[in-house]
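Undergrad: Model the structure of this input:
(chains A and B)
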Protein chains: 2
Amino acid sequence: MKLYDFGPAANAKRVRMFLAEKGIEIPIVEVQVRDGALFEEPYRTMNPFAVVPFLELDDGTVIGESMAICKYLEELHPEPSLLGRDARERALIEMWNRRLEIDGLMPMIHAVRNTNPLFAGRVVPGTRTGLAQLPEIAERGKAMLMILLERIDPALKDNAFIAGERFSIADITGFFMMNAAKILDVPFAEHFPNVTRWHADLASRPSAEA
Amino acid sequence: MKLYDFGPAANAKRVRMFLAEKGIEIPIVEVQVRDGALFEEPYRTMNPFAVVPFLELDDGTVIGESMAICKYLEELHPEPSLLGRDARERALIEMWNRRLEIDGLMPMIHAVRNTNPLFAGRVVPGTRTGLAQLPEIAERGKAMLMILLERIDPALKDNAFIAGERFSIADITGFFMMNAAKILDVPFAEHFPNVTRWHADLASRPSAEA
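TA: Numbering: from 1, shown residues only, chains lettered A, B, ... in the order given. Now for the predicted structure:
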């Protein structure tokens, strides 16, 4: 098994934090994403969606999408569980992870790609189209994040983690969502004390550096 | 167990098609979403994210997010499997489902909400904010869908379904993504014959009417 990775990519970092929390070691191949390596062979055929990370199994199967990779690895290495220990807990962690992704992390990723000059000409992940960077998308993304944070701040007053008292994959999603919010100067610290405490706690975990 | 539902909502339809394919029957409570019922009790407390569908377990636990609901139900009723029969198949179905959601269904949902007058004033799901409908988001959503369809059309030449030869939850996601594309007049039929065949096949399944 090999993990194809690129250090700075938010979704690649999500998988590395997951591996570190679980104590799993996999050989890593660093892909020169900024040199366009994903659009050339062998990656073009292996991974036509042209994004990192992706996992190659020993039989040649390629699994893309960071959450699909984490789920596969959780099945092989159930402990410590980051996706839930029974059907009910798995459903609640899935629910929280999706809420943070759909209403937070993805709007933040689109906001970064639609404003940072580094992403000019490749605003949609895995593409090199000529689509323009649209500031409206960045503003809408920040507004969506503020709505989400207002909803989760009360829950984080009584819970150490987003899905309750145990750390889960939803916290990993939340950590990278909040890192992007910080880069984009979203004023969360002024409004959401519990979110701010949660983000600081997550940042202090050794896995945050993975 | 009870499923809180609203007939026309795309994500509610996804869960109903899943139930129909699996032959599961659950008592359904129809919520008067357009009258604002989700912002009033008892729903406000049960489901603070204010979107349908959501599932209430007999112990009072509320599971939101359509894919979290489907995963929970698949654990209770494994056959016929729509999420995969082993770790590798589950990972590949998860990968395809997420690709279609992130690059297709969600851009289409945002495109509809940012153009259809029905969604004026509630452009972000589960909110009643004053955020404006932004045509830029609708145009970007359509452009993202065309990129996705160009990527999946070749794979659908040789495969009956998006994840291979078996129908899966990723096809359910794809069906509602394509229904939205049709409503938004995305010109897929002119460019993508295999996608068009796939969409017609999915529409002919009895579960498509659920």
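
Undergrad: Could you use CA atoms for every contact and neighbour count after this?
TA: Noted.

Undergrad: the strands in chain A, which residues?
TA: Taking DSSP state E, the strands of chain A run over residues A:2-5, A:28-30, A:54-56, A:62-64.

Undergrad: Output those strands as a markdown table; include the columns distance to A:Pro193 and mean neighbour count.
TA: Shown next, in a markdown table, are those (distance: least, CA to CA, whole Å; neighbours: other CA atoms under 10 Å in any protein chain shown):
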| stretch | distance to A:Pro193 | mean neighbour count |
| --- | --- | --- |
| strand A:2-5 | 34 | 20 |
| strand A:28-30 | 37 | 13 |
| strand A:54-56 | 36 | 22 |
| strand A:62-64 | 35 | 24 |
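
Undergrad: Out of those strands, flag the one nearest B:Leu134.
TA: Of all the strands of chain A, strand A:62-64 sits nearest to B:Leu134, with 31.3 Å by CA to CA.

Undergrad: What is the closest one packed up against?
TA: Under the contact criterion of 3 or more CA pairs under 8 Å, 6 or more residues apart in numbering or on different chains; DSSP states H and E, strand A:62-64 touches strand A:54-56, helix B:87-100.

Undergrad: same thing but at 6 Å, please
TA: strand A:54-56 (3 or more CA pairs under 6 Å, 6 or more residues apart in numbering or on different chains; DSSP states H and E).

Undergrad: For the strand it packs on, give me every contacting residue.
TA: For strand A:54-56, the external contacting residues (CA atoms under 6 Å, 6 or more residues apart in numbering or on different chains) are A:1-4, A:62-64.

Undergrad: tell me the helices in chain A, going along the chain?
TA: Taking DSSP state H to define them, one finds helices in chain A at A:10-22, A:43-46, A:66-76, A:87-100, A:106-113, A:135-152, A:155-158, A:169-183, A:188-191, A:193-203.

Undergrad: Please name whichever of these is nearest to B:Gly130.
TA: helix A:135-152 (11.0 Å).

Undergrad: that older thread, pipe the strands of chain A into CSV and attach mean pLDDT per row.
TA: Shown next, in CSV, are the strands of chain A (pLDDT from 0 to 100):
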stretch, mean pLDDT
strand A:2-5, 98
strand A:28-30, 97
strand A:54-56, 98
strand A:62-64, 98
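
Undergrad: Which among those is found nearest to B:Thr129?
TA: strand A:62-64 (35.6 Å).

Undergrad: Pairing partners for the closest one, with directions?
TA: strand A:54-56 (antiparallel) (DSSP bridges).

Undergrad: Please state the offset of the strand it pairs with from the chain centre?
TA: 16 Å (CA atoms, centre = their mean, to the nearest Å).

Undergrad: any idea how far chain B is from A:Asp5?
TA: Relative to chain B, A:Asp5 is positioned 17 Å away (CA to the nearest CA, to the nearest Å).

Undergrad: Test my guess that that residue contacts A:Val51.
TA: No - with contact defined as CA atoms under 6 Å, A:Asp5 does not count as touching A:Val51 (9.4 Å).

Undergrad: quick one on the thing from earlier: now the helices of chain A as CSV including mean pLDDT and distance to A:Glu209?
TA: Below are these laid out as CSV (pLDDT from 0 to 100; distance: least, CA to CA, whole Å):
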stretch, mean pLDDT, distance to A:Glu209
helix A:10-22, 97, 8
helix A:43-46, 95, 27
helix A:66-76, 98, 18
helix A:87-100, 98, 21
helix A:106-113, 97, 20
helix A:135-152, 97, 24
helix A:155-158, 94, 23
helix A:169-183, 98, 12
helix A:188-191, 96, 22
helix A:193-203, 98, 8
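
Undergrad: mind giving me the domain split of chain A?
TA: A:2-76, A:87-209 (automatic domain parsing).

Undergrad: do the longest one and chain B meet?
TA: What it means is domain A:87-209. Yes - counting by CA under 6 Å from any CA of the partner chain, chain B is contacted by domain A:87-209 at A:87, A:91, A:94-95.

Undergrad: Tell me which residues are up against stretch A:95-105.
TA: By CA under 6 Å, 6+ apart, stretch A:95-105 touches A:145, A:170, A:177, B:64-65, B:68.

Undergrad: Would you format the domains of chain A as a markdown table with distance to B:Ala163 included?
TA: What follows is the domains of chain A, written out as a markdown table (distance: least, CA to CA, whole Å):
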| stretch | distance to B:Ala163 |
| --- | --- |
| domain A:2-76 | 12 |
| domain A:87-209 | 20 |
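
Undergrad: burial count for A:Asp86?
TA: 11 (other CA atoms under 10 Å in any protein chain shown).

Undergrad: meant to ask about A:Glu89, not that
TA: Neighbours of A:Glu89 using other CA under 10 Å come to 16.

Undergrad: measure it to B:Ala132 for me?
TA: A:Glu89 sits 37 Å away from B:Ala132, going by CA to CA, to the nearest Å.

Undergrad: And the domains of chain A: which comes nearest B:Asp158?
TA: Nearest of the domains of chain A (CA to CA): domain A:2-76, 16.2 Å.

Undergrad: Spell out which residues sit in contact with the residue of chain A positioned farthest from its centre, please.
TA: Centroid-distance maximum for chain A: A:Asp59 at 26.6 Å, with CA atoms, centre = their mean. For A:Asp59, no contacting residues are found, by CA under 6 Å, 6+ apart.

Undergrad: Now it. Its backbone dihedrals?
TA: phi -90, psi 10 (degrees, to the nearest 10).

Undergrad: Model confidence for it, exactly?
TA: pLDDT, A:Asp59: 97.

Undergrad: how far away is it from chain B?
TA: Distance from A:Asp59 to chain B, by CA to the nearest CA: 11 Å.

Undergrad: cool, A:Val31 as well?
TA: 20 Å.

Undergrad: do the same with A:Arg16
TA: A:Arg16 sits 18 Å away from chain B, going by CA to the nearest CA.

Undergrad: give me every residue that touches that residue.
TA: Counted by CA under 6 Å, 6+ apart, A:Arg16 has contacts A:Ala210.

Undergrad: 10 Å - rerun?
TA: A:3, A:5, A:7, A:10, A:22, A:24-26, A:53, A:66, A:70, A:207-210 (CA atoms under 10 Å, 6 or more residues apart in numbering or on different chains).

Undergrad: among these, who's most crowded?
TA: A:Pro53 (27 neighbours).

Undergrad: what is in contact with A:Asp5 and A:Val51 at once?
TA: With CA under 10 Å, 6+ apart, A:Asp5 and A:Val51 have common neighbours A:11-12, A:33.

Undergrad: just curious, which of those residues is nearest to chain B?
TA: A:Asn11 (13.3 Å; CA to the nearest CA).

Undergrad: Tell me the spacing between the closest residue to that closest one other than its chain neighbours and A:Met108.
TA: Computed as CA to CA, 6 or more residues apart in numbering or on different chains, the closest residue to A:Asn11 that is not its neighbour in sequence is A:Ser66, at 6.1 Å. Distance of A:Ser66 to A:Met108, computed by CA to CA: 17 Å.

Undergrad: Done for today, thanks.
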